[in-house]
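Chemist: need coordinates for the following:
(chains A, B and C)
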Amino acid sequence: MLRGLAGILVVAAGIGAAAAVLHARDVDGPLPIPAERLLYLRSGQAADRLFLNFDALAADVYWMRAIQHYGRDRKSPRIEGRFELLQPLLDLTTTLDPHFNIVYRFGAIFLSMDPPNGPGRPDQGIELLEKGLRHNPHRWQYAHDIGFVHYWHTGDYLQAAEWFERAAAMEGAPDWLHQVAAITRAEGGDRDGARQLLAEILNSGEGYLVSAAERALAQLDALDALDQLAAIIERYREATGQRPGSWQDLVAARYLRGVPADPTGVPFAYDPATGRVSLHPSSSLLPLPQGMRHD
Amino acid sequence: MSAVTTQDLTKDFLTGFWRPVPKRALDCLTLEVPTGGVFGLLGPNGAGKSTTLKLLMGLLWPTRGTARILGLPPGDTAARQRLGFLPENPTFYDHLTAEELLSYFAGLFGYRGEARRRRVEYVLDLVGLAADRRRPLRQYSKGMVQRVGLAQALVNDPELVVLDEPMSGLDPIGRRDVRAMIAALGAEGRTVLFSSHILTDAEELCERVAIIARGRLVAEGRVADLASRHVTGWRLTVSGGDDEVLARVVPGGTVERLADGRAVVNLHGETRPEPVIAALAGAGLRLESVIPRRESLEDVFVRALNGDAGDDAAARAGRGEVAAR
Amino acid sequence: MTPTLRRIGLVAWHVFKEGVRDRVLYAIGAFALLLVASAILIAQITAGQDVKIIKDLGLAVIELAGVLMAIVIGVGLVAREIDRRSIFSLLTKPLPRWEFVVGKFAGLLLTVMVNVAGMTAALFLMLTFAHFRMTPEYRAVLDAPVVDPRLLLVMVMIGAELALLIAVALFFSTFSSSALLSIVFTVGLYLAGLLSQDLRRFGDIVDVSPAVAWVVQAVGWIIPAFSAFDIKSQVVHGLPLPDGFVPMTLAYAALYATALIAASVGLFSRREFK
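Modeler: Numbers count the residues shown, from 1 in each chain, chains lettered A, B, ... in the order given. Below you'll find the model as predicted:
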C-alpha cells in the first residue's frame, strides 16, 4: 500500500518535472507562431478536401483557434498585426462547416469591433455574414446582423434600414424587425432612434447580441453625458468668466454633485486648457461611435 | 530438503466486474514434493492444479499461506535459474524458429556464445526437433509445439521441472514420447512435478501423487501405498474343464467364460488364491495367469472425490445452507 | 556488459526480430514508401512548389507511419504475450519484470527507429534527385536548401515524439487485458496530446469561467504534449528555432517517457497472470 503510494508519487513527480520543462521551454523561447502555423492551409477548399470526413471536426478546431487568437490579441499590447488572422480563420472555419451558425454571428461582431477591441473591419464582418446567407438563405438573423453592423459600425443608416427590411421580410422573422427597420429609416443616426433600436434588440432576447447592445446603450448614455457636461462647463464660463480648472471647481460651485463618471464608472476626463470633456483613455467604452448626432 | 513445500496455500480470485466477489480456487494446500523422482498433481479440470503451479511459479500471488521452491520464495530469480516450467497448452512466437526461441531463452539464463549454441542443439536433439529447428513455430503441429515447450523448460538443465498438463491434447504417440521423456528426467535424478487429470499417466510415471479437488487436497502419498491398501481380489485364467468342475473347485469365486473357451475365475475380498490354485491343479485344469486385482488410482480418485463431495454436502448441511441454489 | 543489460538487450532484440517479420510492419512501411514516392508525382502538378511539397508530405508520412507502428505494435507487445501464453514461459525465466518492460520499450523503439531511418533515407534520396534536376538559379531563391541537414533535426523530434508514444502504448498494454482497449486509450491520448497546446492556451478564450479554464489548462499540462514536437513547417521554410528549443523538448520527452515506464513497471510487477 505504502509502496504503491510512493510509486504514484514518483510517477507524478516525473510528469510534473516534464511539464515544468515544457513550460520553461515555452516561456524561454517559444516557437514564433506565424500565420503559417495556425493557418498551414490558407485555402478553405483545400482544407475541406484534406480533412475528408472530418471537416466539421476540423472546423471546431479552427473555431477554437479563432477565439483564442481573438482573446490573446485583445489582451496583448502589440499594435502591429493585431487580429490579422481573425478573418482567415473565420473564413476557413465557415468553409469547412458552412452551417456553423455561431461563427458567422460572433465572428461578424468580433471583426466589426473598432480598435483596440477588434480589427475594426465591418466590411469583413458583413462579407462573412453574406457568405452565411449564401449557404443558409433562410437565416433572417444574418440579414439582421448585417443591418446592425451597418448601423453601428459603418454608420450607413440607409443600408442598415434596407437590411433590416430584408430581414423582416424573411420567413420566420419576428415582428419587431419591422419596427426596427422603420425607426432606422426615419431616424437613422439619431440617438433616440438608436436607443429604440437597441431596446428592441435587448427585448428580443438575442443572447449573443445583448452584450453588444448593452455596450452600445452605455456609449449612447456617455455621449449624452458628454453633451450635458459641455453645456454645464459653458454655463460656468458664462457665470464666472473663465473655464473651470477641474471637476472640483464645478462641484464647489454646485454645478455638479460629484466627479462625473461614464456608465462603466470611469470618471470623465476634462482638459482645462481647451475646456474639452472626453472619456478617460482607459474607459472600455472607447472608441465612441462617430457621427451619432443629438436631436 | 524438499524440492517444493507449501503451507496453507490459499488463493481467492475476484470474479465479477462491478462488485467483485472472491471465489476460492485453492484452499489451505499443504504439500511437500521430495527432491528427486516424479510427483503427480492430480485432479479433475478446475480443481486448482494450474493455480497451484502458477502460485509456485510466482505468476500469481497467494491470498494466504506460503510456498517455497528449492528452498526459496516463488519468483526468486535464483530459484528460477534452477527450474524449468512448461505452461498448459503453450504457444510461442509466430515468427521465430525453434532454434531462435531456445537461443533467446538460453540467453536469459546466461548462456553465451558456443555454450549457448551447444545447449540449444542438445535440447533440440533431446525432444526430437533437430530436423525442424529452422522452421517458424507457426508451422508446427500441436505435438511439436509441446516438444518445444519441453525443450524450453529444459534449456537451463534444471533441477526441478514443473509441467502443467504436459500430455493434454496430444495423440497417442505424442503422449508416449512425452511420458518417456518425463520418466527419463526422473531417472536422471531431477525432480519432476507435473499436473494431470489423466490417471493412467500418473500411475505409470509417479512415485508419489497428490489428489486435489475443488481446491483442496484429498489424498497424498506413494502410488503403491494409495492403491495397494485396497487389494480387492484376484483374477485367474484357466483352460480346460467345464463349469461344473470349476464351480466345485472354486467355491468362493465367480466364473465367467471367455469367447475362446477359457474361463476366468474371480476371487473377491480376503480369499487367498493359493488353495484355489492347488485345487485347480488337482482337478487337471491348466492355469494360464494369476493377476492380483489391485484398486487402480482411478478407484482411489473416484473414492476420494466422492468422500470429499460427501464432506462438502455434510458441511453445507451443517451450516444450514440451502443446497439447491 | 552486466547480466541485466544483456537480458534487456535480449528482450529488445527479440521484439525487433518479431517486429520486422510481422506483416503489419511491412504493410505500414510499404504504404509509407509509396506515399513518399508519390510526392514526386504530386510535386509535378504543383508548379514551383515541388521541394516544399516533397518535404511536407515526406515528413508527414514518416511521422504518421511511425505513429501507426508505435501504436499497432506497442499495444500488442504485452497483450500478445498474454494471449499466446508465452508470458508464462518468459516470466518464469530469471528475468525480473522490470527488465521485461524496459526491454520491450527498447525493442519497439529500435524497431520504429530503424523504420523511420529507412524512410528518412528514402526521403533524402528523393530530395537529392530533386536537387540535381534544378538549376542553380532556381535553387538560390528557395527558403531552405533542397537537401537540408536540418531535416534530421525534424527526425530527432519525431523520434522523441514516437518514444513518448511508445511509452504510452506500453503503459496501457501493461495493465489492460484487451488489445482493442489499449488501442482506443492510446489513440485517444495521442489525439488529445496533439490538441494539448490548444488546451494549455484555453485561458485565452474569452468568456470562460476561471475554474473551467484552470481545469482544462491543467489537463493540457498533464497529458503528453505530442504537439510540442512539431517543427516541420519551421524547418521546411528555413526559419530559425529558438535556442535550447530542441534540447528542452528532448528533455521533456525523456522525463515523461521515464515516468510512464516507471508507472508501467509498477503496474506490471503487481500483475497476476491467470
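Chemist: who touches the residue most central in space within chain C in this structure?
Modeler: The centroid of chain C falls nearest to C:Leu162 when counting by C-alpha atoms, centre = their mean (1.7 Å). By C-beta atoms under 8 Å, 6 or more residues apart in numbering or on different chains, C:Leu162 lies in contact with C:66-67, C:70, C:109, C:112-113, C:116. Using the backbone N, CA and C atoms, a C-beta is placed for each residue, glycine as well.
Chemist: how about 7 Å then?
Modeler: Contacts for C:Leu162 (C-beta atoms under 7 Å, 6 or more residues apart in numbering or on different chains) come out as C:66-67, C:70, C:112.
Chemist: for it, which non-adjacent residue is closest in space?
Modeler: C:Gly66 (4.7 Å; C-beta to C-beta, 6 or more residues apart in numbering or on different chains).
Chemist: list the contacts for that neighbour?
Modeler: C:112, C:116, C:158, C:162.
Chemist: and the second one, what pLDDT?
Modeler: Right, the one you point to is C:Val116. C:Val116 is assigned a pLDDT of 90 by the prediction.
Chemist: how about the third one?
Modeler: According to the predicted model, the pLDDT of C:Ile158 comes to 94.
Chemist: three-state assignment of it?
Modeler: Following DSSP: H, G, I helix; E, B strand; the rest coil, C:Ile158 is assigned to helix.
Chemist: in a helix, C:Ile82, correct?
Modeler: Yes. Checked against three-state DSSP, C:Ile82 lies within a helix.
Chemist: and for it, the neighbour number?
Modeler: Number of residues near C:Ile82 (other C-beta atoms under 10 Å in any protein chain shown) recorded here: 16.
Chemist: so how far is chain B from the residue nearest to C:Leu162?
Modeler: Computed as C-beta to the nearest C-beta, to the nearest Å, the C:Gly66 to chain B distance reads 21 Å.
Chemist: can you tell me the element that residue falls in?
Modeler: helix C:50-83 (DSSP states H and E).
Chemist: and what of B:Ser195?
Modeler: Taking DSSP H and E as the criterion, B:Ser195 maps to strand B:191-196.
Chemist: quick one: strands adjacent to that strand?
Modeler: Strand B:191-196 sits in its sheet next to strand B:37-42 (parallel), strand B:160-164 (parallel), going by DSSP bridges.
Chemist: which residues of the stretch 51-200 of chain C lie near chain B?
Modeler: Contact residues, the stretch 51-200 of chain C versus chain B (C-beta under 7 Å from any C-beta of the partner chain): C:84-86, C:88-89, C:91-96.
Chemist: ok, and the most crowded of those residues?
Modeler: The most crowded member of those is C:Thr92, carrying 26 neighbours; neighbours defined as other C-beta under 10 Å.
Chemist: that residue contacts B:Ala79, doesn't it?
Modeler: No. In this structure, C:Thr92 is not within contact of B:Ala79 by C-beta atoms under 7 Å, at 9.8 Å.
Chemist: tell me the contacts of C:Gly238?
Modeler: Residues near C:Gly238 by C-beta under 7 Å, 6+ apart: C:143-144.
Chemist: and the gap between it and chain B?
Modeler: According to C-beta to the nearest C-beta, C:Gly238 and chain B sit 44 Å apart.
Chemist: quick revisit: name the residues that touch the helix or strand just after the helix holding C:Gly66?
Modeler: The first helix or strand that comes after helix C:50-83 along the chain, using DSSP H and E, is helix C:86-91. Applying C-beta under 7 Å, 6+ apart, the contact partners of helix C:86-91 are B:59, B:85, B:87, B:90-93, B:152, C:81, C:97, C:100, C:273.
Chemist: now helix C:86-91 - C-alpha only, CSV.
Modeler: Output in CSV follows, covering the C-alpha atoms of helix C:86-91 (Å, rounded to 0.1, in the frame of the first residue of the first chain):
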residue,chain,number,x,y,z
SER,C,86,4.2,-17.3,-23.9
ILE,C,87,4.3,-14.8,-21.0
PHE,C,88,4.2,-17.9,-18.6
SER,C,89,7.3,-19.3,-20.1
LEU,C,90,9.1,-16.0,-20.3
LEU,C,91,8.3,-14.7,-16.8
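Chemist: so where's chain A shaky on pLDDT?
Modeler: Where chain A drops to pLDDT under 70, the residues are A:1-2, A:32-55, A:78-81, A:187-189, A:204-209, A:289-295.
Chemist: show me where it has helices.
Modeler: A:2-28, A:35-38, A:44-50, A:55-75, A:86-96, A:101-112, A:122-135, A:140-149, A:157-169, A:176-187, A:191-204, A:207-240, A:247-252 (DSSP state H).
Chemist: just put the ones you listed in a markdown table and tack on mean neighbour count and distance to chain B.
Modeler: A markdown table is the format used below for these (neighbours: other C-beta atoms under 10 Å in any protein chain shown; distance: least, C-beta to the nearest C-beta, whole Å):
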| stretch | mean neighbour count | distance to chain B |
| --- | --- | --- |
| helix A:2-28 | 15 | 14 |
| helix A:35-38 | 14 | 42 |
| helix A:44-50 | 15 | 37 |
| helix A:55-75 | 19 | 32 |
| helix A:86-96 | 23 | 41 |
| helix A:101-112 | 23 | 41 |
| helix A:122-135 | 20 | 48 |
| helix A:140-149 | 26 | 48 |
| helix A:157-169 | 20 | 56 |
| helix A:176-187 | 19 | 56 |
| helix A:191-204 | 18 | 50 |
| helix A:207-240 | 16 | 42 |
| helix A:247-252 | 16 | 72 |
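Chemist: where does B:Thr271 land in three-state SS?
Modeler: With three-state DSSP as the basis, B:Thr271 sits in coil.
Chemist: what about the closest residue to chain C within the stretch 151-295 of chain A, distance to A:Ala218?
Modeler: Per C-beta to the nearest C-beta, A:Ser211 is where the stretch 151-295 of chain A lies closest to chain C, at 9.1 Å. Distance of A:Ser211 to A:Ala218, computed by C-beta to C-beta, to the nearest Å: 11 Å.
Chemist: and the end-to-end length of stretch A:177-195?
Modeler: 14 Å (C-alpha to C-alpha, to the nearest Å).
Chemist: now do it: distance to the chain's middle.
Modeler: Distance, stretch centre to chain centre, for stretch A:177-195: 21 Å (C-alpha atoms, centre = their mean, to the nearest Å).
Chemist: ok so, going back, and the residue nearest to the centre of chain C, how far is that from C:Leu33?
Modeler: C:Leu162 sits at a distance of 18 Å from C:Leu33 (criterion: C-beta to C-beta).
Chemist: same deal with C:Phe175?
Modeler: 35 Å.
Chemist: then B:Glu288?
Modeler: For B:Glu288, the distance to C:Leu33 - C-beta to C-beta - is 79 Å.
Chemist: okay, these two: which has more neighbours?
Modeler: Ranked by neighbour count (other C-beta under 10 Å), B:Glu288 and C:Leu33 place C:Leu33 first, with 16 against 13.
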